[in-house]
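Asker: Take this sequence and fold it.
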Amino acid sequence: MRRNGEMKLGLYLTGAGYHESAWRDPSVPTDCGLDVDQYTHLTALAEGAAFHFVFLADSQGIISDHTAVARTSGNADFEPITLLSALSSRTQDIGLVATATATYYQPYHVARLFASLDHLSRGRAAWNIVTSASNVEAQNFGEKELPDHDTRYARAREFVEVAKGLWDTWQDDAFIRDKQTGIYADIAKLHLLDHRGNHFSVRGPLNIARPPQGYPVLVQAGASGAGIAFAAEVGEVVFTAEPSLENGKQYYKTLKEKARALGREENQVLVMPGIVPIVGTTKQEASEKLKKLQANTHIDVLIGQAQLWLGSVIDLRSVNLDALVPDKLPPTNFIQSRQKLLVDLAARQKFTWRQLIRLVSDSRGHLLVVGTPDEIANTMIDVFDQHAADGFNVLPATAPSGFKDFVELVIPELRQRGKFRSKYSGQTLRENLGLRRPANRFAQSSGAQSQT
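Answerer: Got it, this is the predicted structure:
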């Protein structure tokens, strides 16, 4: 089935903005990470522009380089599901994507939390499935280090299957709530999961009704070999990092082919790379905005963040920053695909360490576009039309000012060219994304009519 001509858009929701020094911008609230009104304002801007969703990243600990912690703002933020539950009562249409790790949560917890969020929001919840990537996280849960990369994905695969099974344990029409007869639920439509696997043993059933969407939308970000296989199997929205158009086209093609091989339809797997837009009325104005952010970024933050995203396998404080980046680094148990992306990019551009460190601070490997509204729209449309993306996760460098610029200046350009909608088309996030509502496995097996 062919996709329509309009791209999907999400907002990567941070209190300050995506750039490392955004919190120092005068327009950003001082306590941005714990200011619910700031998140409400940003979400309202996105909803007013008919964005498909807001997206909250997360980790189970402070994973910043220790020397950078004092100068970064991302370590004093809300837990995602708590914040999105609050935002669900302040919004009406926009989707709500929360991150939860399959490494240190349990399936029953996640299934219940996201079912609750889906009910609270009347069908707008989505789960960003991650496998934890830092030993710091492991040490918050009684372990010295993470399980290896493949083990984390094997656990995640089983985790998702258990969560789906729990969401299916009540059929959609199981709750009768008949005051006359005194029957609240039809227990013929209640099913025990009784899962026994390599990683989990879960009896069920879930103590909440099936989510309005059947399952919350499943979001994934796999780009390693194991990650792409997992994304092709379970991902409905796939969040990628890819600044190269040609590499983006290859990723898009590979993922869709793998999904088709598993019996899935292409338009049920949406590829949405990150884009960091810095908008100016002129190219020079946009460049000055970036230069100001760069000037406010301390060297400890530059080095600390680059060291983290390169997999913590090299001490950047001991290297000659003006030397060329080698074409290969030691393997990492962190985000393998991001290390490879950054090293490959440095090789193509013949970057020095100093240049790569600056790029990591500015975009962390996502597509960075600095220019006029027309230039940014042209880039997005080119990536979309050449089938390197079905849409984008917008990562504004500063918030709210950088995002406000995008909404007021870039969105009209996209609409004028027929590439983005002007209003919501459905009641649930699935409907707005064009994703089908999954049938209940137990209802199907009992001969009940499946729902789409």
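
Asker: quick one: low-confidence ranges for this structure?
Answerer: 1-2, 64-67, 333-335, 445-452 (pLDDT under 70).

Asker: Quick one: the strands in the stretch 201-350 of the chain, in order.
Answerer: Shown for the stretch 201-350 of the chain, the strands assigned by DSSP state E, counting those that start in this stretch span residues 201-202, 217-220, 237-240, 270-279.

Asker: can you tell which of those strands is closest to Asp382?
Answerer: strand 270-279 (11.8 Å; C-beta to C-beta). C-beta: built from backbone N, CA, C; applies to glycine.

Asker: Who are the packing partners of the closest one?
Answerer: strand 8-12, strand 237-240, helix 245-261, helix 283-295, strand 367-371, helix 373-385, strand 391-394, helix 401-405 (3 or more C-beta pairs under 8 Å, 6 or more residues apart in numbering; DSSP states H and E).

Asker: Please spell out which residues along the longest one are buried.
Answerer: By that I understand helix 245-261. Of all the residues in helix 245-261, those buried under the rule 16 or more other C-beta atoms under 10 Å are Asn247, Gly248, Lys249, Tyr251, Tyr252, Leu255, Lys256, Lys258, Ala259.

Asker: can you redo these as a markdown table with distance to Ala98?
Answerer: What follows is the buried residues of helix 245-261, written out as a markdown table (distance: C-beta to C-beta, whole Å):
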| residue | distance to Ala98 |
| --- | --- |
| Asn247 | 29 |
| Gly248 | 26 |
| Lys249 | 30 |
| Tyr251 | 24 |
| Tyr252 | 25 |
| Leu255 | 23 |
| Lys256 | 26 |
| Lys258 | 26 |
| Ala259 | 24 |
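
Asker: picking up where we left off before, winner for burial among the strands of the stretch 201-350 of the chain?
Answerer: Of all the strands of the stretch 201-350 of the chain, strand 237-240 carries the top mean neighbour count, a mean of 28, counting by mean count of other C-beta atoms under 10 Å.

Asker: rewinding a little: let me know which of the helices and strands packed on strand 270-279 is the nearest to Leu429.
Answerer: Across the helices and strands packed on strand 270-279, Leu429 has its closest neighbour in strand 237-240 (9.4 Å, C-beta to C-beta).

Asker: what's the helix or strand where Leu356 lies in contact with?
Answerer: Here Leu356 sits within helix 353-363, counting by DSSP states H and E. Residues outside helix 353-363 that contact it (C-beta atoms under 8 Å, 6 or more residues apart in numbering): 18-20, 243, 276, 290, 293-294, 297, 301-303, 305-306, 309-310, 316, 319-325, 342, 345-346, 349, 351, 365, 368, 395, 397.

Asker: I'd like to know which of these are buried.
Answerer: Buried members of the contacts of helix 353-363, counted by 16+ other C-beta under 10 Å: 18-20, 243, 276, 290, 293, 297, 301-303, 305-306, 309-310, 316, 319, 325, 342, 345-346, 351, 365, 368, 395, 397.

Asker: How far does stretch 11-24 stretch from one end to the other?
Answerer: Using C-alpha to C-alpha, to the nearest Å, the end-to-end distance of stretch 11-24 comes out at 21 Å.

Asker: Give the buried residues for the lengthiest helix in the chain.
Answerer: Taking DSSP state H as the criterion, the chain has its longest helix at helix 149-167. Neighbour-count burial for helix 149-167, counted by 16+ other C-beta under 10 Å, picks out 149, 152-167.

Asker: who does it touch, helix- and strand-wise?
Answerer: helix 107-120, strand 125-130, strand 195-196, strand 201-202, helix 225-234.
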